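Chemist: how would this look folded up:
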Amino acid sequence: MVKGSLGSIGQLVVVALVLFLVAEAAQFQPAKPGCNETCGNVSIPYPFGIGKGCFRTHGDFSLKCVDNQPIWRDYKVLDINIDGKMTISHNISYDCSDESTKSASQLNVDLYNISLSAGNFTVSADDNKLVAIGCDTFAWIKGYKNETPYWVGCMTYCMDSGDVTDRECSSAACCEACLPYGAPSISTRVGSYDNHIYCKTFNPCRSAFVVAKDAFIFNKTKLSTTLEEYEKNLTVPVVLNWTVGNQTCSSAQANRTCLCQENTTCYEPPNEVGYRCECLPGYEGNPYLSPRCQGMYLRQQAVYMSLLTTIDCSIKHLVVFLPTDIDECQDYSKNDCVLPAHCVNKIGVGHECKCPPGYLGSGTHSDPCSKKRKRVILLAVITGSVLGIILLVVSGFGLHFQHEKKKLMDLCQSFF
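Modeler: Numbers count the residues shown, from 1 in each chain. Purely as a prediction, here's the structure:
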């Protein structure tokens with residue numbers, strides 16, 4: 001009898017946990033219902049999507065999944081962030097000397113473009129940099145921003161591998177340059193000052209590429225990369241910015257075309273066309289789907305059960321609570337209150353620090369609570385001290401004036 005009861009309890013607990021996990025998974029589902037959420041190990045959040053009806057049609061958000069690899073246009077996609085970032089894999093521009101004839105002629109020169117056209121995609125200036133590798137090397141990128149051409153580049157020079165230091169990319173054999181903001185297209189070129197005559201024995205090729213800042217660390221072994229290795233289509237990650245629409249937030253909201261759903265806010269990133277949506281503080285999810293912006297954490301992850309005091313320990317009822325608000329007061333690192341008792345949670349919009357009755361202050365570390373009486377006494381002491389000092393100064397000034405006046409009268413009497 002007891003064994004059967006324990007089995008029933010176990011089954012109910014399993015059911016409760018399954019419901020809990022299903023609810024949590026539904027809460028953070030990134031794609032539209034019925035659409036693929038991943039391709040390989042890459043998450044595919046809406047407005048991106050794979051297949052008809054799964055992506056936003058206004059814009060270039062359609063993906064293909066080929067051999068578990070998401071493809072956007074002709075680029076392999078490495079990551080998509082709902083905050084407006086997409087990382088793609090991009091080729092490297094390179095230039096190698098002809099070692100077979102020992103001449104300094106250019107054996108192979110490749111020009112690689114990142115051409116995103118006008119619209120909702122730009123090369124991220126905050127997340128990428130231009131890198132050139134090689135001795136006797138100059139590299140530059142050329143592109144257009146608001147139909148105005150621009151050039152950005154850097155140069156390196158060295159005649160011996162001993163001049164090169166690992167992890168240092170500051171001119172000897174590696175250099176970097178920043179990218180312009182809001183650039184929808186970039187062309188990367190690489191060249192040589194002296195046709196690579198003085199360094200080809202230890203540096204057969206030179207290269208240039210735009211790369212994600214956190215994905216590249218220079219070491220001098222890269223100088224020995226050969227033509228055969230470059231011809232294997234070496235690639236690097238590049239971060240793109242993306243937005244939705246081609247209007248401002250206010251315009252999209254006015255004509256009711258804004259994609260931002262419940263519990264979200266709309267903002268316009270600088271140097272970009274269109275807008276982005278993000279969840280309000282205290283919420284997490286996909287702001288482009290409804291209602292996907294929900295609580296960041298489940299405040300209670302427990303199953304409450306009431307058991308009868310019978311021999312078979314039957315479960316009377318089972319209730320599963322899945323609140324969607326984050327309680328900052330439960331995590332000390334998420335609030336500035338001096339004491340937990342001073343913290344008051346606000347549903348979905350953060351928290352507030354409050355002092356108990358009879359105390360002054362806001363209850364924060366910068367303005368802690370203190371008793372009103374103590375503050376009044378302290379204020380009275382400070383005020384009395386200030387008034388006393390003022391009185392002493394005035395009295396001293398008066399006595400000094402009287403003393404000087406008496407000295408002047410005594411001086412006058414001595415002459416007359």
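Chemist: list the contacts of the closest residue to Leu78 other than its chain neighbours.
Modeler: The shortest distance from Leu78 to any non-neighbouring residue, by C-beta to C-beta, 6 or more residues apart in numbering, is to Thr87 (4.3 Å). The C-beta positions use only the backbone N, C-alpha and C, and glycine is treated the same way. Taking C-beta atoms under 8 Å, 6 or more residues apart in numbering, we find Thr87 in contact with 77-80, 212, 237-240.
Chemist: over to Thr165?
Modeler: Listed by C-beta under 8 Å, 6+ apart, the contact partners of Thr165 are 172, 220.
Chemist: what about it, which helix or strand?
Modeler: For Thr165, there is no helix or strand it lies in under DSSP states H and E.
Chemist: on that earlier part again, could the contacts of Thr87 go into a markdown table alongside distance to Leu259 and neighbour count?
Modeler: Putting the contacts of Thr87 into a markdown table (distance: C-beta to C-beta, whole Å; neighbours: other C-beta atoms under 10 Å) gives the following:
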| residue | distance to Leu259 | neighbour count |
| --- | --- | --- |
| Val77 | 21 | 23 |
| Leu78 | 24 | 20 |
| Asp79 | 21 | 15 |
| Ile80 | 16 | 24 |
| Ala212 | 27 | 20 |
| Pro237 | 27 | 19 |
| Val238 | 25 | 24 |
| Val239 | 22 | 23 |
| Leu240 | 19 | 24 |
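Chemist: of those, closest to Cys35?
Modeler: Ranked by distance to Cys35 (C-beta to C-beta), those are led by Ile80 at 13.7 Å.
Chemist: excluding its backbone neighbours, what's nearest that closest one?
Modeler: Met86 (5.0 Å).
Chemist: neighbours of that neighbour, how many?
Modeler: Residues contacting Met86 under the criterion other C-beta atoms under 10 Å number 21.
Chemist: and the one 3 residues further on, by the same measure?
Modeler: The number of residues packed around Ser89, counting by other C-beta under 10 Å, is 14.
Chemist: dump the residue contacts of it.
Modeler: Here Ser89 is in contact with 75-78, 235-238 (C-beta under 8 Å, 6+ apart).
Chemist: pick the one among those closest to Phe218.
Modeler: For those, the nearest to Phe218 is Val236 (12.6 Å; C-beta to C-beta).
Chemist: so for the helix or strand containing that closest one, mean pLDDT?
Modeler: Using DSSP H and E, Val236 sits within strand 235-242. When pLDDT is averaged over strand 235-242, the result is 94.
Chemist: got the buried residues for the following helix or strand past it?
Modeler: Sequence-wise, the next helix or strand downstream of strand 235-242 (DSSP H and E) is helix 249-254. By neighbour count on 16 or more other C-beta atoms under 10 Å, the buried set for helix 249-254 is 249, 252.
Chemist: for helix 249-254, packing partners?
Modeler: strand 264-267 (3 or more C-beta pairs under 8 Å, 6 or more residues apart in numbering; DSSP states H and E).
Chemist: and the contacts of the strand it packs on?
Modeler: Applying C-beta under 8 Å, 6+ apart, the external contacts of strand 264-267 come out as 249, 252-253, 258, 260, 275-280, 283, 287, 293.
Chemist: and the residue nearest the centre of the chain, what is it in contact with?
Modeler: By C-alpha atoms, centre = their mean, the chain has its centre lying nearest to Asp83, at 7.7 Å. Contacts of Asp83 were listed using C-beta under 8 Å, 6+ apart, and they are 276, 278.
Chemist: tell me the spacing between it and Leu130.
Modeler: 24 Å (C-beta to C-beta, to the nearest Å).
Chemist: helix, strand, or coil at Pro368?
Modeler: Classification of Pro368 using DSSP: H, G, I helix; E, B strand; the rest coil returns coil.
Chemist: low-confidence ranges in the stretch 101-250 of the chain?
Modeler: Under the criterion pLDDT under 70, the flagged ranges of the stretch 101-250 of the chain are 101-118.
Chemist: strands along the stretch 301-416 of the chain, start to end?
Modeler: 303-307, 315-320, 343-346, 350-353, 359-360, 370-371 (DSSP state E, counting those that start in this stretch).
Chemist: make that the stretch 51-200 of the chain, sorry
Modeler: Counting by DSSP E, counting those that start in this stretch, one finds strands in the stretch 51-200 of the chain at the ranges 62-66, 69-72, 75-81, 85-91, 93-97, 106-109, 112-115, 121-123, 128-133, 137-145, 148-156, 174-177, 185-191.
Chemist: closest one to Val42 among the ones you listed?
Modeler: Evaluated over the strands of the stretch 51-200 of the chain, closeness to Val42 peaks at strand 69-72, with 5.1 Å, by C-beta to C-beta.
Chemist: what packs against that closest one?
Modeler: strand 62-66, strand 75-81.
Chemist: just the CA atoms of that strand, as PDB, please.
Modeler: Extracted in PDB, the C-alpha atoms of strand 69-72 (Å, rounded to 0.1, in the frame of the first residue of the first chain):
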ATOM      1  CA  GLN A  69      24.600  25.300 -40.900                       C
ATOM      2  CA  PRO A  70      22.400  28.400 -41.100                       C
ATOM      3  CA  ILE A  71      23.100  30.400 -44.300                       C
ATOM      4  CA  TRP A  72      22.200  34.100 -44.700                       C
END
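Chemist: give the pairing partners of that strand; include direction for each.
Modeler: According to DSSP bridges, strand 69-72 forms sheet pairs with strand 62-66 (antiparallel), strand 75-81 (antiparallel).
Chemist: got these as CSV, with distance to Cys35 and mean pLDDT columns?
Modeler: Shown next, in CSV, are the strands paired with strand 69-72 (distance: least, C-beta to C-beta, whole Å; pLDDT from 0 to 100):
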stretch, distance to Cys35, mean pLDDT
strand 62-66, 11, 96
strand 75-81, 14, 96
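Chemist: helix, strand or coil for Pro269?
Modeler: Here Pro269 is recorded as coil under three-state DSSP.
Chemist: how about the contacts made by it?
Modeler: When contacts are counted by C-beta under 8 Å, 6+ apart, Pro269 touches 84, 241, 243, 275-276.
Chemist: which of those residues sits closest to Gly134?
Modeler: Asn241 (29.4 Å).
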